[in-house]
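1. With the sequence up front, the predicted model follows.
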Amino acid sequence: MKVLNCQQGTAEWSVARLGKFGGTDAQAVMTAGKGLETLAFEKVVEIMTGKSKESYTNPDMDRGHELEMSARNMYEIETGNTVTEVGYCQLDDYSGCSPDGFIGDDGLVEIKCPRNDVFVRYLYDKKVDPKYYAQMQMQMYVTGRKWVDYVVFNPNFKKSIIVKRIEIDEESQVKLCSGLAQGITKIKEINSGIKN
């Protein structure tokens, strides 16, 4: 794995991610169905044009970006762990991820800052959204780290932070390995078909 020390969200970071399966793609990679094929075509488009797919934002995502630093600081206070921010972690020419931070030699942190109703639901049922679970498994796959502290933060509540440790799930790792192999094969097949 190669770590690119650039700030997430910058032009350099965006270029590093072009044509690569990442954490937000992990659920489709793990299921290895039609969604993976669609992603493979999207990755080829990125490779050919040198431009990433137009990114979608909404108020929830904007709030998450605004609160991430506060959440990281609160996490450090709550746990005593020091977060080392990281840019982009590249596993190979076709896959990588952008964790919210490294913890020591073995850990990662993934921060979510949901709106009030989503935060209350998580307080109640403690269930990790499957797409976030897949994202964290992908982060461990790419980085070789053993666990991720999943941080859910909302400053509007007295209990504003919840930290749940997610460990490597071998079944998910096998599915990621297989799905990435299939996705990479599909990218190469598409590229070859276009060039012929």
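-> Perfect, I can see it now.

2. Point out the other helices and strands that the longest helix along the chain packs with.
-> Scanning the chain for the longest helix, with DSSP state H as the assignment, gives helix 170-195. Judged by 3 or more CB pairs under 8 Å, 6 or more residues apart in numbering; DSSP states H and E, the packing partners of helix 170-195 are helix 26-31, helix 34-49, helix 130-143. C-betas here are computed from N, CA, C, even on glycine.

3. Residues contacting the lowest-mean-pLDDT helix or strand in the chain, please?
-> Within the chain, no helix or strand scores below helix 59-79, which has a mean of 85 by mean pLDDT, DSSP states H and E. With contacts defined as CB atoms under 8 Å, 6 or more residues apart in numbering, helix 59-79 is touched by 9, 81-83, 85, 100-101, 109, 111-115, 149, 151, 153-155, 160-161, 163.

4. before we move on, back to that, make TSV out of the helices and strands packed on helix 170-195 and add mean neighbour count, distance to K175 and mean pLDDT.
-> Below are the helices and strands packed on helix 170-195 laid out as TSV (neighbours: other CB atoms under 10 Å; distance: least, CB to CB, whole Å; pLDDT from 0 to 100):
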stretch	mean neighbour count	distance to K175	mean pLDDT
helix 26-31	22	4	96
helix 34-49	16	11	94
helix 130-143	22	8	97
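
5. out of these, which comes closest to G19?
-> helix 34-49 (3.9 Å; CB to CB).

6. Need the contact partners of that closest one.
-> Here helix 34-49 makes contact (CB under 8 Å, 6+ apart) with 18-21, 25, 27-29, 52-53, 94, 179, 182-183, 186-187, 190-191, 194.

7. ok, now how distant is the closest residue to I162 other than its chain neighbours from T38?
-> Spatial nearest neighbour of I162, chain neighbours left out: V152 (4.6 Å); criterion: CB to CB, 6 or more residues apart in numbering. Going from V152 to T38 by CB to CB, to the nearest Å gives 29 Å.
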